[in-house]
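>>> predicted model, plus sequence, below.
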Amino acid sequence: MRAGLRAIDSRRPWLLDSALALLLLLGAVLTTSAPSHVSRPADATMYLLATAASAPFVLRRRAPLPVLLVTSVPVMALIVLGYSTALVGAGLFLAAYTVAAWSSRRATLVAAGYVLTILVSLTVLVPWEMGPAELVTNGAVFAGTFALGRGAASRRQNLVLLRERAELAERARVEEARRAVSDERLRIAQELHDVLGHTLGVIALQAGVGAHVIDVDREEARAALVAVSESSRSALGEVRRIIGTVRHETGDGTYTSPPGLASVKTLADELTVAGLPVEVHVEGEQVDLPPALDLTAYRIVQESLTNVVRHARAGHAWVTIRYRSEAVEVEVEDDGIGPADDGAPHGHGQLGMRERVAVWGGSLHVGARKNGGYRVTARLPYGEGSWR
């Protein structure tokens, strides 16, 4: 029920404020109409003043300070004329609280000064109703009311700040993820530049050889042209996939071949020596993969094992390489703590893996193992039909 009232209040605050004004009016009429030996009997003037004191509360949160100023006038008139103000007078405390909770600090100080002026004025006008003791008591109650209102305003402002910070953090996370994807695509483009540069260099060299020997050795020239044709097809396939290999420069200025699945065993041995035993299993008949795809498969294994070292707290890891008829599958498993259940977004490493796999039209599956730990499985098509 409380949640329902809050929902209504957030959408139509005037509705609850109108109900409050009506309740104040009904309460004022009932309390002032009751027989009393110390207050003036209810009459038309009393009802008119009670209505004037209650009606402004419809705008309680839209105009807090004006409501306090306006409603205080008929309340003072009721007190001075000797009518009972048991409930409608208490509405002033609510008006004071609203000013402190929904207005600025300056407006609150103005309201506090105005309330003090009212109390002092009543001690002068009706000392039998507002003596020194009543002045101190009412002053203390109003002071507490203003303090409670300012506390509510501070809490509401803190909640707004927390929501804004959460929204900023969410936007920053989304932007960071987009930037990570953009960086990964840039890296893939740089790798593509290297592979195509190498391939085109080979083509130029073979074409030069063919042009040089075409008049003296037609068979050698034919072989050079066939090599050019094969290299061109390979390069075209890699352009269509928008992926390349990273070149590795040695100390003497030459370049070595990029790593591939053949280097996984070396990677596993390095991690085993470092303290994480890694077993490598190969299933199926090994085939020569396109260099870019071979690098992609290696990078997925490398990134998965890196995540195991950083996050899994594992005691063992397994790498399985499966050569299928038109695809290669790599699977990395560990016996660590498994995935976190806190709803946190995946890291940049996994974003990069998905980007690389998507380039080849493959699939990537990650998740918990049945017996504990984590599993990463990637399928990368390499058949000729998948290149077009």
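Cool, the structure landed. Worth saying up front: this structure is predicted, and the values here are computed from it rather than measured.

>>> burial of the residue nearest to Ala52 when sequence neighbours are not counted, as a residue count?
The shortest distance from Ala52 to any non-neighbouring residue, by Cβ to Cβ, 6 or more residues apart in numbering, is to Pro74 (4.1 Å). Placement of C-beta: from N, CA and C, glycine included. Counted by other Cβ atoms under 10 Å, the residues lying close to Pro74 total 22.

>>> and what of Leu59?
So Leu59, with other Cβ under 10 Å, has 16 neighbours.

>>> angles on the backbone of Val278, please.
phi -130, psi 120 (degrees, to the nearest 10).

>>> now Leu65
Main-chain torsions, Leu65, degrees, to the nearest 10: phi -70, psi -50.

>>> which ones are touching Ser318?
That one is not Ser; residue 318 is Trp. 278-281, 331-334 (Cβ atoms under 8 Å, 6 or more residues apart in numbering).

>>> any idea how far the helix or strand where it lies is from the chain center?
According to DSSP states H and E, Trp318 maps onto strand 317-323. Chain-centre distance of strand 317-323: 35 Å, with Cα atoms, centre = their mean, to the nearest Å.

>>> can you give me the angle the next helix-or-strand element following that strand makes with strand 317-323?
Per DSSP H and E, the first helix or strand lying C-terminal to strand 317-323 is strand 327-334. Counting by axes from the mean of the first three to the mean of the last three Cα atoms, to 10 degrees, strand 327-334 points 170 degrees away from the direction of strand 317-323.

>>> render the CA-only coordinates of strand 327-334 in PDB, please.
Output of strand 327-334 as PDB, limited to C-alpha atoms (Å, rounded to 0.1, in the frame of the first residue of the first chain):
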ATOM      1  CA  ALA A 327      35.900 -25.500 -39.000                       C
ATOM      2  CA  VAL A 328      38.300 -25.500 -36.100                       C
ATOM      3  CA  GLU A 329      37.100 -25.400 -32.500                       C
ATOM      4  CA  VAL A 330      39.100 -24.300 -29.500                       C
ATOM      5  CA  GLU A 331      38.000 -24.900 -26.000                       C
ATOM      6  CA  VAL A 332      39.600 -23.600 -22.800                       C
ATOM      7  CA  GLU A 333      38.400 -25.000 -19.400                       C
ATOM      8  CA  ASP A 334      39.500 -24.500 -15.800                       C
END
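
>>> for it, buried residues please.
Applying a neighbour-count criterion of 16 or more other Cβ atoms under 10 Å, one finds 327-334 buried in strand 327-334.

>>> give me the helices and strands touching that strand, please.
helix 291-307, strand 317-323, strand 374-381 (3 or more Cβ pairs under 8 Å, 6 or more residues apart in numbering; DSSP states H and E).

>>> the nearest residue to Gln350 once chain neighbours are set aside in helix, strand or coil?
The shortest distance from Gln350 to any non-neighbouring residue, by Cβ to Cβ, 6+ apart, is to Val366 (6.7 Å). Using DSSP: H, G, I helix; E, B strand; the rest coil, the structure places Val366 in strand.

>>> quick one: distance of the helix or strand where Ile203 lies to the chain centre.
Element membership of Ile203 [criterion: DSSP H and E] is helix 132-213. Taking Cα atoms, centre = their mean, the mean C-alpha location of helix 132-213 is offset from the chain mean by 8 Å.

>>> which helices and strands does it pack with?
Going by 3+ Cβ pairs under 8 Å, 6+ apart, helix 132-213 lies up against helix 91-102, helix 105-125, helix 218-241, helix 291-307, helix 348-359.

>>> restrict the last one to CA atoms and write it as PDB.
Taking C-alpha atoms only, helix 348-359 is exported to PDB below (Å, rounded to 0.1, in the frame of the first residue of the first chain):
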ATOM      1  CA  HIS A 348      37.200  -6.100 -22.800                       C
ATOM      2  CA  GLY A 349      39.000  -9.400 -23.500                       C
ATOM      3  CA  GLN A 350      35.800 -11.200 -24.100                       C
ATOM      4  CA  LEU A 351      34.500  -8.300 -26.200                       C
ATOM      5  CA  GLY A 352      37.600  -8.700 -28.300                       C
ATOM      6  CA  MET A 353      37.100 -12.400 -28.700                       C
ATOM      7  CA  ARG A 354      33.500 -12.000 -29.800                       C
ATOM      8  CA  GLU A 355      34.700  -9.400 -32.400                       C
ATOM      9  CA  ARG A 356      37.300 -11.700 -33.800                       C
ATOM     10  CA  VAL A 357      35.000 -14.700 -34.000                       C
ATOM     11  CA  ALA A 358      32.200 -12.600 -35.600                       C
ATOM     12  CA  VAL A 359      34.600 -11.600 -38.400                       C
END
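
>>> any buried residues in that helix, and which?
Those would be 348-357, 359, for helix 348-359 by 16+ other Cβ under 10 Å.

>>> could you give the mean pLDDT of that helix?
Helix 348-359 shows a mean pLDDT of 78.

>>> what does the third one give?
In this model, helix 218-241 has an average pLDDT of 70.

>>> same thing with stretch 107-123?
In the prediction, stretch 107-123 has an average pLDDT of 91.
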